[in-house]
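Engineer: pasted the sequence and its predicted model underneath.
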Number of protein chains: 2
Amino acid sequence: MKSSLDPWSVSGKINYEKLVKEFGINPMPKLPQKFLKHLLFRRKKIFAQRDFEKILKAKKFVMMTGLMPSGKFHLGHKIVTEQIIFYQKLGAKVYVAVADIEAYNTRNPDLQELNKIALEEYLTNYIAIGLKPKNCDFYFQSSRSKDSKKSNAYYSLVGLAARHATFNEFKAVYGNISPAKMMSSLFQTSDMLHPQLKEFEGPIPVVVPVGIDQDPHLRIARDISQRIKVNNFLQLSSTYHKFLPGLDTGKMSSSNPNSYIALTDSAKEVEIKIKKYAFSGGQPTVKEHKEKGGNPDIDISYQYLTFFEENDKKLEKIYNDYKSGKLLTSELKELAIKKINSFLKQHQQKKEKARKQIDKFI
Amino acid sequence: MKSSLDPWSVSGKINYEKLVKEFGINPMPKLPQKFLKHLLFRRKKIFAQRDFEKILKAKKFVMMTGLMPSGKFHLGHKIVTEQIIFYQKLGAKVYVAVADIEAYNTRNPDLQELNKIALEEYLTNYIAIGLKPKNCDFYFQSSRSKDSKKSNAYYSLVGLAARHATFNEFKAVYGNISPAKMMSSLFQTSDMLHPQLKEFEGPIPVVVPVGIDQDPHLRIARDISQRIKVNNFLQLSSTYHKFLPGLDTGKMSSSNPNSYIALTDSAKEVEIKIKKYAFSGGQPTVKEHKEKGGNPDIDISYQYLTFFEENDKKLEKIYNDYKSGKLLTSELKELAIKKINSFLKQHQQKKEKARKQIDKFI
């Protein structure tokens, strides 16, 4: 399968080391203990960065992220969500943009539906995973703020940013470009830069945790931030995380139903999906598996365990047992099913309570 | 001199009849008396239109215009201003956009200076010419409203409009295009269409009086208005006026100091400018002039009188006397100087009072 990667589509297997070189981003620096306690940092799921030292040194900083309100919320979305909550607990103010103007421009021109998906699919899940209203600015691109000074400043930045980029830059960064994509990119630029406007926090370090496919938006925003002279923007920081793989490898994506486990899936659905669709690194027969051993590095069930099994020692044992052939594919799948279903059961209970809290965020 | 015409530059002599054909716009329909009382309509200074019948039939309508806060307010600007005031007196609600985001993108990236020019050069002159605060929504593109619902709706429309236009259309309409110009065009689109949003007036006829050089903006906005399905926009109406010619022919433009008479010019300055720079249709010598007569059609002083001499009969006599050679060039220039200076004297007095009223508009 050929691999392709841009902010609007990701397909195929991804060679992260090659991407680090191609995109000119840097490996993670030595991290303090409070970061390493988190699975995503400890296991290098967050594997690269730009200007992240600034965040490690900062007393105060902002975490900014966006969500595209399309399709079902799935396990892949959990990775960004966990980072939002991690940074919020660390004391950062978190900005969460619903990219509804971008979604209108690049996907679905039904703003009401986009609004519903954003609140019922995304925000509710964020709350269930642990997002708190305090130090959280959750907003829609189409209605930035109830404070007109804030709205005017945010949208003006979208407009002014256009002076500071050329079509050739958009083409170089995105491959191809349309008015709709260009507008989306400039909205993203304002999403990332506006926390530093005087109407918001003023100049402050901002970290944007993204999948590597979103780096083009960051490159445009970083370039513009240094050219726009009306504001003294500190350069943006960013981290890059690996995708939670889809059942069929590639990226877990709500536009490909054979790839994802939704957070609304039942225990039975999860069992069927893992057993039937999760790509296996095992051998064709049990006999052969016991003799030759399996390959956990390409096994999707094992990959899921690296996100869900918190205990490093247990995970290492699973890895070794599968590789030696001691652990069978059916057993490995069973472990993944249990872990995911245990998370989903708790999550679905929390989600019922979360619905009632939506109003605190908007 | 070759003629060139786009929204960002006008130069050379303009063949209005050719433009009507090229741009696919229509001549003016039969106008009711209340329109013909105004010099600009009666003398066909406003010479063409799109969908103007809609305005003639409407009980309620909006007049929308914009100003580019660059350089000095000059006699050429008076033509749009007079139309704003004409429509306001007729009972229309007038929307006046300060195109500061556009100015930032295409001219001068100093927002504070743009703000100052807009208020001190433009708004003050509008008030002196007769603009009233009632039924007037005067706003900056960079800070649409103090009501965040209105701001959010206006700016969202800028963002959503991008879905409904292609680069090829921008290229076809503007000749060349950059991110900055594209953004300017989409802001103009929202300027023209947003009065019909539910947060403003709701669906309502809107007339945009422009110089023919601004028609590309209208063509883009008209196309987008019919494609954007979230709103039921009535198609825009527009009228096209002739430019008040510059002293050296072409368009009077604040970026060409040899072309304009500013509304702050002293009587002496006006005298010098007309005598020294105003292009003459007279003969090289008085003797020759008396024999052959002058050409009022190309004479700039005469052109100015067509805008400043309200009395049709007096104007006709001047035309005939100059053509026959009875009226000398020096005498014609003297008539123009007198008329302009009489206007400027009154205007400059009114302007002192106007300054105090700025607050009522913002």
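Structural biologist: Structure received.
Engineer: taking the stretch 201-350 of chain A, what residue is nearest to chain B?
Structural biologist: Closest to chain B within the stretch 201-350 of chain A is residue A:230: 6.2 Å, counting by C-beta to the nearest C-beta. All C-beta spots, glycine's among them, are computed from the backbone N, C-alpha and C.
Engineer: who's in contact with the residue nearest to that residue when sequence neighbours are not counted?
Structural biologist: For residue A:230, ignoring the flanking residues on the chain, the nearest one in space by C-beta to C-beta, 6 or more residues apart in numbering or on different chains is residue B:111 at 6.2 Å. Listed by C-beta atoms under 8 Å, 6 or more residues apart in numbering or on different chains, the contact partners of residue B:111 are A:230, B:100, B:104, B:142.
Engineer: model confidence over stretch A:150-159, on average?
Structural biologist: The average pLDDT within stretch A:150-159 is 98.
Engineer: repeat that for stretch A:353-362.
Structural biologist: When pLDDT is averaged along stretch A:353-362, the result is 94.
Engineer: hmm, who's touching it?
Structural biologist: Contacts with stretch A:353-362, where a contact means C-beta under 8 Å, 6+ apart, come from A:119-120, A:123-125, A:127-128, A:131, A:133, A:136, A:138.
Engineer: smallest gap between the stretch 251-362 of chain A and chain B, at which residue?
Structural biologist: Counting by C-beta to the nearest C-beta, the stretch 251-362 of chain A gets nearest chain B through residue A:362, at 13.2 Å.
Engineer: next one: that residue from residue A:146, what distance?
Structural biologist: 10 Å (C-beta to C-beta, to the nearest Å).
Engineer: next one: residue A:88
Structural biologist: Remark: distance between residue A:88 and residue A:146 (C-beta to C-beta) = 22 Å.
Engineer: can you confirm residue A:271 is in a helix?
Structural biologist: Yes. Assessed by DSSP: H, G, I helix; E, B strand; the rest coil, residue A:271 belongs to a helix.
Engineer: right, and it touches residue A:337 too?
Structural biologist: Yes. Under the criterion of C-beta atoms under 8 Å, residue A:271 makes contact with residue A:337 at 5.2 Å.
Engineer: look at the two and report which has more neighbours.
Structural biologist: Neighbour count, other C-beta atoms under 10 Å in any protein chain shown: between residue A:271 and residue A:337, residue A:337 has more, with 20 against 17.
Engineer: which residues does that one contact?
Structural biologist: With C-beta under 8 Å, 6+ apart, residue A:337 has these contacts: A:270-271, A:274-275.
Engineer: of the residues you listed, closest to residue B:34?
Structural biologist: Distances from residue B:34 to these, taken as C-beta to C-beta, are shortest for residue A:270 (73.9 Å).
Engineer: domain parsing of chain A, as residue ranges.
Structural biologist: As assigned by automatic domain parsing, chain A contains the domains A:4-247, A:265-353.
Engineer: now do the end-to-end distance for the last one.
Structural biologist: Terminal residues of domain A:265-353 lie 18 Å apart, using C-alpha to C-alpha, to the nearest Å.
Engineer: more neighbours: residue A:88 and residue A:146, which one.
Structural biologist: residue A:88 (18 against 12).
Engineer: how close does that one get to residue B:72?
Structural biologist: From residue A:88 to residue B:72 the distance is 53 Å (C-beta to C-beta).
Engineer: can you check residue A:44 too?
Structural biologist: According to C-beta to C-beta, residue A:44 stands 62 Å off from residue B:72.
Engineer: comparing those two, which residue is more hemmed in?
Structural biologist: residue B:72 (17 against 13).
Engineer: the more buried one touches residue B:254, doesn't it?
Structural biologist: Yes. Using C-beta under 8 Å, residue B:72 is in contact with residue B:254, at 4.9 Å.
Engineer: burial of the residue nearest to residue A:279 when sequence neighbours are not counted, as a residue count?
Structural biologist: Using C-beta to C-beta, 6+ apart and skipping the chain neighbours, the partner closest in space to residue A:279 is residue A:300 (4.5 Å). Neighbours of residue A:300 under the rule other C-beta under 10 Å: 23.
Engineer: and if you look at residue A:148?
Structural biologist: For residue A:148, using other C-beta under 10 Å, the count is 19.
Engineer: who touches it in this structure?
Structural biologist: Shown in contact with residue A:148 (C-beta under 8 Å, 6+ apart): B:143, B:145-148, B:150-151.
Engineer: which of the three states applies to the residue nearest to residue A:107 when sequence neighbours are not counted?
Structural biologist: Using C-beta to C-beta, 6+ apart and skipping the chain neighbours, the partner closest in space to residue A:107 is residue A:70 (5.5 Å). Following three-state DSSP, the label given to residue A:70 is coil.
Engineer: check what pLDDT residue A:70 gets.
Structural biologist: Per-residue confidence (pLDDT) for residue A:70: 83.
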